[in-house]
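**Q** would you be able to build a 3D model of this:
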Amino acid sequence: MSTAGQVPGRRKLRLGAVAAAVTTVLTLLCCIGGAGAFFLTELGGDGQDRLTASLACDPAYQVDITGDMPRFAEYGDAQLRNAAVIVKVGQDMGLPARGWVIALATAMQESALRNLANSTVPASLALPHEGVGSDHDSLGLFQQRPGWGSVQQRMTPSYAARKFYEKLLLVKNWQQRPLTVVAQRVQVSAFPDAYAKHEDLAGRIVDALAGGAARTVEIAGKAVCDAAAGARIAASGWTAPIPGGVGSGFRTAERPSHNGVDIAADKETPIHAASAGRVLVARCDPDHSQRRDCDRDGWPGKGGCGWFVDILHAGGYITRYCHMVRRPLVVPGQSVEAGQEIGRSGSSGNSSGPHLHFEVHVDADRSSRGAINPVPFMRDRGAPLDGDT
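**A** So this is what the prediction gives:
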């Protein structure tokens, strides 16, 4: 269990679809992560309360573009109706839900989901619009330039969405690559990193509009709920880091300083990045005596996280992976894709047996203050940790 501190996170997420606790008690594994705490500010959250995620996951649900829209503090009814059009076009084209999340996040950055005109549009056209942009001759939800179509076409949300999806499909391995990379390949923006900050909210809006679709993964051409693990990535962009079931839980009465969960795994089991991001830390965590001797199995009371990795993801989330068997396969500053192997499970550090200690932090805060319960967080992203899928 991690003993970086016992102070709860400064802001708790409102996460829906919280599963019942796992009833099978696995072999108790003791682990203590002693990773030093420091604060990051880049890719921070949007500062708004998190809204409850969709309680159901129905891959066949068709979005309704004419009915009542869900409520999100960040956007009004007209903007969410534009979002519904984007999702509906993706459904009509038969694209996996991951494409809807990418398209929505892109439009959120380009236009804040408003159908924008510009000063070059002749007043005689009297096109319906929801604001005037200032980016050259770009128009519409995706700020598309003349090569994408006529003025009337680019100002038609369904047309603009279809053109975005058509170009998206030309991007190799677009479902596995980071959202910001894929969006940039389509848009060729002057600010290529700006799309990432919208990914989490885009997934929640897709969930609200389309029956929990951000929690689906494509398996044999069919959308399956809550089955993202290993090489399978949910539409939300997340995957379970390792197969298995949760043993020692998050901040239990017996272990109030356990800032993550322990997932049972044999030694040498591949550990996957839970989502695309950038490696912050990949090193040996010292024990209580400040020795860095992670190249052997640890023991209870030794102290330290062993070989471990921290990854920063879009939205200011950080994931931590402890007790690896040897030096990680990644290095600080490296960009990783969702599902990429970052190391192998082991028992280095303060550990009584092979397993993965997994943490999730918010607000780009690596300290115990930022830690939240990974179980509901991952379940809400279609990548449950309980080994049911």
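
**Q** pairing partners for the host helix or strand of Leu312, with directions?
**A** Secondary structure assignment for Leu312, by DSSP states H and E: strand 306-313. Taking DSSP bridges as the criterion, strand 306-313 pairs within the sheet with strand 277-285 (antiparallel), strand 318-324 (antiparallel).

**Q** make JSON lines out of these and add mean neighbour count, mean pLDDT and distance to Ala202.
**A** For glycine as for every other residue, the C-beta is placed from the backbone atoms N, C-alpha and C. Compiled in JSON lines, the strands paired with strand 306-313 are given as follows (neighbours: other C-beta atoms under 10 Å; pLDDT from 0 to 100; distance: least, C-beta to C-beta, whole Å):
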{"stretch": "strand 277-285", "mean neighbour count": "21", "mean pLDDT": "97", "distance to Ala202": "16"}
{"stretch": "strand 318-324", "mean neighbour count": "28", "mean pLDDT": "98", "distance to Ala202": "19"}
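
**Q** nearest to Ala73, out of those?
**A** Smallest distance to Ala73 across the strands paired with strand 306-313 (C-beta to C-beta): 24.0 Å, for strand 318-324.

**Q** ok, Asp207 touching Leu201?
**A** No: in this structure Asp207 lies outside contact range of Leu201 using C-beta atoms under 8 Å: 10.5 Å.

**Q** and the chain, what are its domains?
**A** Domain ranges of the chain: 31-47+236-379, 77-210, per automatic domain parsing.

**Q** now those as TSV including distance to Asp58?
**A** Supplementary listing: these in TSV, determined by distance: least, C-beta to C-beta, whole Å:
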stretch	distance to Asp58
domain 31-47+236-379	16
domain 77-210	8
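
**Q** between these, which one is nearest to Arg71?
**A** Evaluated with C-beta to C-beta, the domains of the chain place domain 77-210 nearest to Arg71, the distance being 8.3 Å.

**Q** so what's the residue count around the closest residue to Ser138 other than its chain neighbours?
**A** Taking C-beta to C-beta, 6 or more residues apart in numbering, and ignoring the residues beside it in sequence, Ser138 has Arg145 as its nearest neighbour in space, at 5.4 Å. The burial metric for Arg145, expressed as a neighbour count using other C-beta atoms under 10 Å, is 14.

**Q** helices and strands around the helix or strand where Ala105 lies, which ones?
**A** Taking DSSP H and E as the definition, Ala105 sits inside helix 97-111. The helices and strands touching helix 97-111, judged by 3 or more C-beta pairs under 8 Å, 6 or more residues apart in numbering; DSSP states H and E, are helix 77-92, helix 157-168, helix 179-187, helix 199-209.

**Q** now these in CSV, with distance to Gly230 and mean neighbour count?
**A** Converted to CSV, the helices and strands packed on helix 97-111 look like this (distance: least, C-beta to C-beta, whole Å; neighbours: other C-beta atoms under 10 Å):
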stretch, distance to Gly230, mean neighbour count
helix 77-92, 25, 22
helix 157-168, 24, 21
helix 179-187, 20, 22
helix 199-209, 20, 27
